[in-house]
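K.L.:
I'd like to go over a predicted model; first the sequence, then the structure.
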2 protein chains.
Amino acid sequence: MLSFTEENYLKALLKINLNTSQTEAGTNELASMLEVKPATVTDMLKKLKEKKLVNYERYGKISLTREGKKKAVEVLRKHRLWETFLYEKLSFTWDEVHEVAEQLEHIQSSKLIDKIDELLGFPEFDPHGDAIPDAKGEIKLRAQKTLDEIELGKTCKMVAVKDNSTPFLQYVVKVGLGISSKIKVISRQPYDAMLIIEVKGKKHTVSQKFAQNIFVVY
Amino acid sequence: MLSFTEENYLKALLKINLNTSQTEAGTNELASMLEVKPATVTDMLKKLKEKKLVNYERYGKISLTREGKKKAVEVLRKHRLWETFLYEKLSFTWDEVHEVAEQLEHIQSSKLIDKIDELLGFPEFDPHGDAIPDAKGEIKLRAQKTLDEIELGKTCKMVAVKDNSTPFLQYVVKVGLGISSKIKVISRQPYDAMLIIEVKGKKHTVSQKFAQNIFVVY
DNA sequence: TATAAAAGTTAGATAAGCAAAACAAATTAA
DNA sequence: TTAATTTGTTTTGCTTATCTAACTTTTATA
């Protein structure tokens, strides 16, 4: 049985994996993601290595073992299903679900999460547009472009967000965006890559950082 | 913010309160309920006293302060609502709900539990027949007789169980009993207070210990 | 009421999780 | 290729929750 903390370390490694397509991570990277000091990470890595959940050597790069990845995917599945449950069944807003799901993802009961999955009709995506791993651990991967990579003049559809923090999500709502929103890219400032976009007939100016956190498809 | 462990100590004190109508508890009593050693309880009591959640003096009796009781009732409310949710919405059996609710009761989000309450239609009793405290912390108390106190020849209705353990509940089901079952008390063995009862036309012999864990009304 | 039993406490350990400070290795830049 | 910077590790120590073993207080009883 893994502790909450151990589960969070595995989840962080998986996140680095999925978000950046790099299979290896560094101590500092993990530390800042988990909001602890690098020394703490080193300690935990030794423990996780003992348990054969991560590949790790002193001063080396860190990656998940097959078993570690399996555990991490289970946690991710629980997180995203709980988010969907909160959103769909308890009318939480999409910026509220993350915090509570961070707690719920650690509840130990496979029956529970499978029943929640069933109750929701086996959803494929959570309220942020992220793919929910199925009971076998399979994750649907989408060819994901971010909004800042879209050509001028083209219209695209928002499918997900990269950043799940409350401030970002509230900002997204303020600009009139949500999953499935149509976005037209009007212009791009050469100096700082600020974008002018059109959403529901209204123009908005957004930063490159903002655009890099919006996943879209044509 | 209280730790899981602190919440469990408060809940145990409340349970002693509700089950036995005594407002004070002893160290050993708490220790056996929480499955830790008495020394551990002494340590924790000092901490809880510091936080003004329990009344406690060296070698003295233990009771909840007003604040401590409030916290304990909140935990109990969450526990019983989650049990009801698992039973009603996810088709868990009544002997399965307790274990998972032990975990879910510690999730920190008042919005979450109030929404669950709403989803369930503000239930008054959980699957074991125990009263669910409302959002203000009010608990419906019932005049509770146990099955072993019923007069010979009388028929009564089961309203709740005292013991929520899986083995006990599975035994209850085996005897054909559940919440609202009609029970006729046929005879009582003078020597060991074994009861012969009739449930749905079938006779069963049950121990006094069993009968003391079944709450009934006429 | 003296004493044995029961109940409760203290002291000293351990394990998990975290971090400050000092140190070591690896990488980058000069 | 040496020096500076970045990255990662070790050591030591704190906190929380637990334990064992020895001790003390309370209570029940003979």
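P.N.:
Looks like it came in fine.
K.L.:
Tell me how far the helix or strand containing residue A:160 lies from the chain's centre.
P.N.:
Element membership for residue A:160 (DSSP states H and E) is strand A:155-161. Remark: strand A:155-161 is offset 15 Å from the chain centroid, using C-alpha atoms, centre = their mean, to the nearest Å.
K.L.:
do stretch A:162-182 as well
P.N.:
14 Å.
K.L.:
Contacts made by the strand holding residue A:160 with the rest, please.
P.N.:
A:125, A:128-130, A:142, A:144-145, A:147, A:150, A:168-169, A:172, A:177-185, A:213-218 (C-beta atoms under 8 Å, 6 or more residues apart in numbering or on different chains). All C-beta spots, glycine's among them, are computed from the backbone N, C-alpha and C.
K.L.:
out of everything not next to it in sequence, what's closest to the spatially most central residue of chain A?
P.N.:
Taking C-alpha atoms, centre = their mean, the centroid of chain A lies closest to residue A:162, which sits 5.7 Å from it. Sequence neighbours aside, residue A:213 is the residue nearest to residue A:162 in space, at 4.4 Å (criterion: C-beta to C-beta, 6 or more residues apart in numbering or on different chains).
K.L.:
Which residue ranges of chain A form helices?
P.N.:
In chain A, the helices defined using DSSP state H lie at A:4-20, A:27-34, A:38-50, A:66-89, A:97-104, A:110-119, A:166-174, A:208-211.
K.L.:
I'd like to know how many residues surround residue A:201.
P.N.:
Look at residue A:201: counted by other C-beta atoms under 10 Å in any protein chain shown, it has 7 neighbours.
K.L.:
and what of the one 5 residues further on?
P.N.:
Using other C-beta under 10 Å, the number of residues around residue A:206 comes to 21.
K.L.:
can you pull the contacts of it?
P.N.:
Residues near residue A:206 by C-beta under 8 Å, 6+ apart: A:175, A:194-195, A:197.
K.L.:
can you list the residues of chain A near DNA strand D?
P.N.:
With C-beta under 7 Å from any atom of the strand as the criterion, chain A comes near DNA strand D at residues A:26-29, A:38-39, A:41-43, A:45-46, A:58-60.
K.L.:
Contact partners for residue A:30?
P.N.:
Residue A:30 makes contacts with A:9, A:12-13, A:16, A:41, A:62, as judged by C-beta under 8 Å, 6+ apart.
K.L.:
Quick check: which of those has the minimum pLDDT.
P.N.:
Lowest pLDDT among the contacts of residue A:30: residue A:16, with 87.
K.L.:
looking at the contacts of residue A:30, which has the most residues close by?
P.N.:
In terms of neighbours by other C-beta under 10 Å, these top out with residue A:9 at 27 neighbours.
K.L.:
Just to check, that residue is in contact with residue A:33?
P.N.:
No: counting by C-beta atoms under 8 Å, residue A:9 sits too far from residue A:33 to count as a contact (9.5 Å).
K.L.:
Residues of chain A that sit close to chain B?
P.N.:
Contact residues, chain A versus chain B (C-beta under 8 Å from any C-beta of the partner chain): A:86, A:89-92, A:96, A:99-100, A:103-104, A:107-109, A:111-112, A:115-116, A:119.
K.L.:
Give me the buried entries from those.
P.N.:
Buried members of the residues of chain A next to chain B, scored by 16 or more other C-beta atoms under 10 Å in any protein chain shown, are A:86, A:90, A:92, A:96, A:100, A:103-104, A:107, A:109, A:112, A:115-116, A:119.
K.L.:
The residue nearest to the centre of chain A and residue A:211 touch, don't they?
P.N.:
No: counting by C-beta under 8 Å, residue A:162 does not reach residue A:211; the two are 10.5 Å apart.
K.L.:
intersection of neighbour lists for the two?
P.N.:
residue A:146.
K.L.:
Residue A:164 touches residue A:99, doesn't it?
P.N.:
No: contact criterion C-beta under 8 Å: residue A:164 and residue A:99 do not qualify, at 9.7 Å.
K.L.:
would a markdown table of the contacts of residue A:30 with distance to DNA strand C be doable?
P.N.:
A markdown table is the format used below for the contacts of residue A:30 (distance: C-beta to the nearest atom of the strand, whole Å):
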| residue | distance to DNA strand C |
| --- | --- |
| A:9 | 8 |
| A:12 | 11 |
| A:13 | 14 |
| A:16 | 17 |
| A:41 | 8 |
| A:62 | 13 |
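K.L.:
okay, among the residues you listed, which ones form the most distant pair?
P.N.:
Spanning the widest gap among the contacts of residue A:30 are A:16 and A:41, at 12.6 Å by C-beta to C-beta.
K.L.:
For the closest residue to residue A:173 other than its chain neighbours, grab the count of nearby residues.
P.N.:
Spatial nearest neighbour of residue A:173, chain neighbours left out: residue A:95 (7.3 Å); criterion: C-beta to C-beta, 6+ apart. By the criterion of other C-beta under 10 Å, residue A:95 has 19 neighbours.
K.L.:
Please apply the same query to residue A:42.
P.N.:
As a burial measure, residue A:42 scores 14 neighbours (other C-beta under 10 Å).
K.L.:
Quick check: nearest residue in space to it, chain neighbours excluded?
P.N.:
Nearest non-adjacent residue to residue A:42 (C-beta to C-beta, 6+ apart): residue A:27, at 6.1 Å.
K.L.:
now that neighbour: how far from residue B:186?
P.N.:
Distance check for residue A:27 against residue B:186: by C-beta to C-beta, to the nearest Å, it reads 71 Å.
K.L.:
of these two, who's got more company?
P.N.:
Neighbour count, other C-beta under 10 Å: between residue A:27 and residue B:186, residue A:27 has more, with 19 against 14.
K.L.:
how about the more buried one, what does it touch?
P.N.:
A:38, A:41-42, A:45, A:62.
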